[in-house]
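Asker: the following block contains a protein sequence and its predicted model.
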Amino acid sequence: MSTERARIFHITAATSLIALIILCVAWELVLAPLRPGGSWMVLKVLPLLIPLRGVLKRDVYTMQWSSMLILIYFTEGIVRATSDRVPMSITLGWVEVGLTCLYFLSAILYLSPYKKAAKALAKQAIQKASQ
């Protein structure tokens, strides 16, 4: 993969993660909180802050495990989009689903060359060991 494509996938992943953080805060404090004036559900954003620095720094390990973490937010988005009764909350749920899908795909595409390189190194090590 070219460095330009890797850069695009990284920027897309970082941007979608930041957008998801902003969405979660705005959703639970202003746009469609569970209780008027905001709710403690805003704390759901805290796990998203943990990988932020590593994602911004292009840390491969952080990108790997955060692509699994993001699936929790995908699940929440699906549940709220299909079960909430407030139209704004339904819309925000679908936006959350979209952002998590964008992050997941961008992270996976960014990590793909690293996985291929790791498999090639493992294959070489096995070949050397068998000689």
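Answerer: In hand now; what should we look at?

Asker: what helices or strands is the lowest-mean-pLDDT helix or strand in the chain leaning on?
Answerer: In the chain, the helix or strand scored least confidently by mean pLDDT, DSSP states H and E is helix 87-130, which has a mean of 89. The elements that helix 87-130 packs onto, with contact taken as 3 or more Cβ pairs under 8 Å, 6 or more residues apart in numbering; DSSP states H and E, are helix 3-26, helix 60-83. In this view, the C-beta of every residue, glycine as well, is placed from N, C-alpha and C.

Asker: among those, which is nearest K44?
Answerer: Set against K44 and scored by Cβ to Cβ, the helices and strands packed on helix 87-130 come closest in helix 3-26, at 5.8 Å.

Asker: and the next helix or strand after the closest one, what's buried?
Answerer: Helices and strands here follow DSSP states H and E; after helix 3-26, the next one along the chain is helix 46-56. Taking 16 or more other Cβ atoms under 10 Å as the basis for neighbour counts, the residues of helix 46-56 that come out buried are 48, 51, 54-55.

Asker: follow-up on the earlier one: make CSV out of the helices and strands packed on helix 87-130 and add mean neighbour count, mean pLDDT and distance to R35.
Answerer: As requested, the helices and strands packed on helix 87-130 are exported to CSV (neighbours: other Cβ atoms under 10 Å; pLDDT from 0 to 100; distance: least, Cβ to Cβ, whole Å):
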stretch, mean neighbour count, mean pLDDT, distance to R35
helix 3-26, 17, 96, 15
helix 60-83, 16, 97, 15
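
Asker: can you pull the buried residues of stretch 27-40?
Answerer: Under the neighbour-count criterion of 16+ other Cβ under 10 Å, stretch 27-40 has 27-28, 32-33 buried.
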